[in-house]
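# Just the structure for this:
(chains A and B)
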Amino acid sequence: MKTNLSVPIVIVLAFIFLSSCVKDTDFDEADAILLTPVVELDLIYFNLTASDFFDSSTSNPRLTVRDTTELPFLDDGFVQDGLKKADFLFKFTNGIPRRFDVDFQFLDEENTETYSTQTNVDQGTPQNPQPTDFTQTVEGDDLIELTKASKVVISVTIASSDENLEGELNLKSKTTYYLEL
Amino acid sequence: MKNLLICFVVLWAGELLSQNKQVLYGLEEVPQNLLLNPGSKVPQKYHIGIPFLSQIHINGGASGVSVYDIFGKSNVDINTRIRNKIFEMDEKDFFTLNQQLDIVNFGWLAKNDIYFSGGMYQELDFITYFPRDLAILAWEGNQNYLDYPFDLGQVSTTGEVLSVFHFGANKKLNDNLTVGIRAKLYSSLIHFQSINNSGTFTTRESTNGINIYEHEFQNVDVSVQTSGYASLRDADGSSEVISEILGRTFFGGNLGLGVDLGATYDIGRYWTVSGSVLDLGAVFHTNGVENYESKGDHIVNGIELIFPPLEDGEPTFPYFSNVVDEFEDKVGVDTLQTSYTQLRPLKVNGALEYRFGQQLGSGDACDCYNMGGGIETGQSVGLQVFSVFRPKGPQLAGTLFYYRRLWNFLSAKATYTVDPYSNSNIGLGMVADLGKFNFYLAADNLLLYGNIAKAKSVSLQLGINIKIYEQ
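Just a heads-up that it's a prediction; the model follows:
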């Protein structure tokens, strides 16, 4: 009885160990694994007052104000490889009774422009600020140029200005990054 | 050849679960059984393990997913399969790997009837819990999860490689009771842990009107302790790394102390209970320690421009760097060299055995000196429990077993185990004594050996010893 049982057990055990394997799998599919996160991040914001557009020391209008910030992640290899699309949303609220032109100039390390976009902001009043939303989708060749940049210059140009001008121009912005990793 | 390689890799590294050696536990024919219960009965007078071959143990598992779940042939896109798994698993799911290699193992029955045993083995132990929220964040991003607090506390992982020097004593106190104790000296080669973390990351529409969103890091307390890593990172070339690791293997690492305790008690002639507590101890990490810690709260609103009046060529403020600096100041990662103590993963075994069948010749039933002790028979059945204490609590396994002495030289044990991985885990072990040579082989999840990819865990032990029963 013992012998009858044990021989099959030994054979079965040996067979199981020797035949153990990985079947019905396709590890080449690992190449097809693609992470596609969509990331929402704040970008820049500012509050400009009407007085920023008038130089009281010289009593001259200052029609264009300009500022720059680094965006060092833009030309990072990770972003250059993984970013497939970027949606910018700029939300202006204008309480100054003037129209504005706003330019966004993206520059690389050598301060060469790689990408730019611009928009107009409707005029409002201090009592009744006007919202202007500007969206810009960047993909394809434009995106390649955008991700060569590492900083952005924002130029805000007022149509005209004087010392009695009142109100505020406010900007909020965000970017939606569509990644493929 | 490719399939063979995959088989090997999957067996060796891809397969993971607790440190349960349910097939080997209680198999008195295997001297390494003493490493599972230092208070086991010891039938032999001497044993010596064949160096490097006396015990090879691999055990791995993933509680929520198998290789087949992801890479199995299917009409469903692999990314959909992964996404489904991410949402199906929770933060209590885990991946583990435990491997032990006996370098030296020996034992002898001294004149005072104490069976002394000792040796050295190398162990690798790794567990990581599934950080579900971070997986979702990486896989999907935050766009569809506004207002959702991603839990940073789900990060929980430990890993170590160490060598263990051990020496134990085992004595049969009376006809019924055998007890044993084993002292252990740990020499840690490398260790890391990131446990007891907390904190959340939330993106929501701005509540203070500063910008469109606010990205909040709240109650962040995340840390990683490492030892033995910094010096390897700084080592110059592979030869320096190898000599450094060899040095640590032999007492050159961070040292620790531990103890194993165990006992076996015969209740009458046919029933036996046994139990053990293993690795009750700690490693004290004082050398080569590098810890990383992030603590605090912070809200990111983006980059504020203030349009300062500038002369030509005058640079503006480093807005972005300021945002980064503020972030690092509030919730940035500090590097510390604080010593820390690491508890070893405590393991507990327990078993109840009932023996039946033909009484064996060497049994003590007719022995007037053993009126109350158990007798040896050809078969037994029983119940075992196992628990290993992990960062998020104990992991439990229950096992039913059937043992049979097939011939004098060959024994087998079959097990059925229920654990976090599955409730259909069949294991089988065989021990053969051929002359003075003792061979054993034990494995579980045999139902899935036909396709290991479907197994969520695999445990395998094998080894060769020389055993001598008579002086």
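
# what's the strand ranked longest in chain B packed up against?
Using DSSP state E, we find that the single longest strand of chain B is strand B:177-194. Identification of packing neighbours for strand B:177-194 by 3 or more CB pairs under 8 Å, 6 or more residues apart in numbering or on different chains; DSSP states H and E yields strand B:157-172, strand B:213-227, strand B:254-267, strand B:271-285, strand B:340-343. In short, each C-beta sits where N, CA and C put it, glycine included.

# would a markdown table of those strands with mean neighbour count be doable?
Output for these, formatted as a markdown table (neighbours: other CB atoms under 10 Å in any protein chain shown):
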| stretch | mean neighbour count |
| --- | --- |
| strand B:157-172 | 20 |
| strand B:213-227 | 19 |
| strand B:254-267 | 20 |
| strand B:271-285 | 20 |
| strand B:340-343 | 17 |
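
# so which of those gets nearest B:D444?
With CB to CB, the closest approach to B:D444 among the helices and strands packed on strand B:177-194 belongs to strand B:271-285: 18.6 Å.

# Residue in the stretch 101-250 of chain B with the shortest distance to chain A?
B:G141 (3.2 Å; CB to the nearest CB).

# measure that residue to B:R204 for me?
Here the criterion is CB to CB, to the nearest Å. By it, B:G141 lies 15 Å from B:R204.

# which one of the two has more residues nearby?
B:G141 (21 against 15; other CB atoms under 10 Å in any protein chain shown).

# Quick one: neighbours of the closest residue to that one other than its chain neighbours, just the number.
Nearest residue to B:G141, sequence neighbours excluded (CB to CB, 6 or more residues apart in numbering or on different chains): A:P37, at 3.2 Å. By other CB under 10 Å, the residues close to A:P37 number 18.

# Now the phi/psi pair for A:P37, please.
Note on A:P37: backbone dihedrals following degrees, to the nearest 10 are phi -70, psi 150.

# Name the spans of the stretch 351-471 of chain B whose pLDDT lies under the cut-off.
B:361-372, B:448-455, B:470-471 (pLDDT under 70).

# All the helices of it, in order from the start?
Using DSSP state H, counting those that start in this stretch, no helices are found in the stretch 351-471 of chain B.

# Which parts of it are strands?
Taking DSSP state E, counting those that start in this stretch as the criterion, the stretch 351-471 of chain B contains strands spanning B:377-390, B:393-407, B:410-418, B:425-434, B:437-443, B:457-468.

# For the fourth one, buried residues please.
Along strand B:425-434, the positions that meet the burial threshold by neighbour count (16 or more other CB atoms under 10 Å in any protein chain shown) are B:N425, B:G427, B:L428, B:G429, B:M430, B:V431, B:A432, B:D433.

# The shortest one now?
Residues of strand B:437-443 classed as buried under the neighbour-count rule (16+ other CB under 10 Å) are B:N438, B:F439, B:Y440, B:L441, B:A442, B:A443.

# Given that strand, what are its sheet partners and their directions?
Using DSSP bridges, strand B:437-443 pairs in its sheet with strand B:425-434 (antiparallel), strand B:457-468 (antiparallel).

# now that strand, how far from the centre of its chain.
22 Å (CA atoms, centre = their mean, to the nearest Å).

# mind saving the C-alpha coords of that strand as PDB?
Provided in PDB are the C-alpha atoms of strand B:437-443 (Å, rounded to 0.1, in the frame of the first residue of the first chain):
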ATOM      1  CA  PHE B 437      22.700  12.200   3.300                       C
ATOM      2  CA  ASN B 438      19.500  14.000   4.000                       C
ATOM      3  CA  PHE B 439      17.700  15.700   1.100                       C
ATOM      4  CA  TYR B 440      14.600  17.800   1.200                       C
ATOM      5  CA  LEU B 441      12.500  19.700  -1.100                       C
ATOM      6  CA  ALA B 442       9.300  21.700  -0.300                       C
ATOM      7  CA  ALA B 443       7.200  24.000  -2.300                       C
END
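
# before we move on, back to that, turn the strands of the stretch 351-471 of chain B into JSON lines, columns for distance to B:S231.
Listed next are the strands of the stretch 351-471 of chain B as JSON lines, based on distance: least, CB to CB, whole Å:
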{"stretch": "strand B:377-390", "distance to B:S231": "28"}
{"stretch": "strand B:393-407", "distance to B:S231": "32"}
{"stretch": "strand B:410-418", "distance to B:S231": "40"}
{"stretch": "strand B:425-434", "distance to B:S231": "40"}
{"stretch": "strand B:437-443", "distance to B:S231": "37"}
{"stretch": "strand B:457-468", "distance to B:S231": "33"}
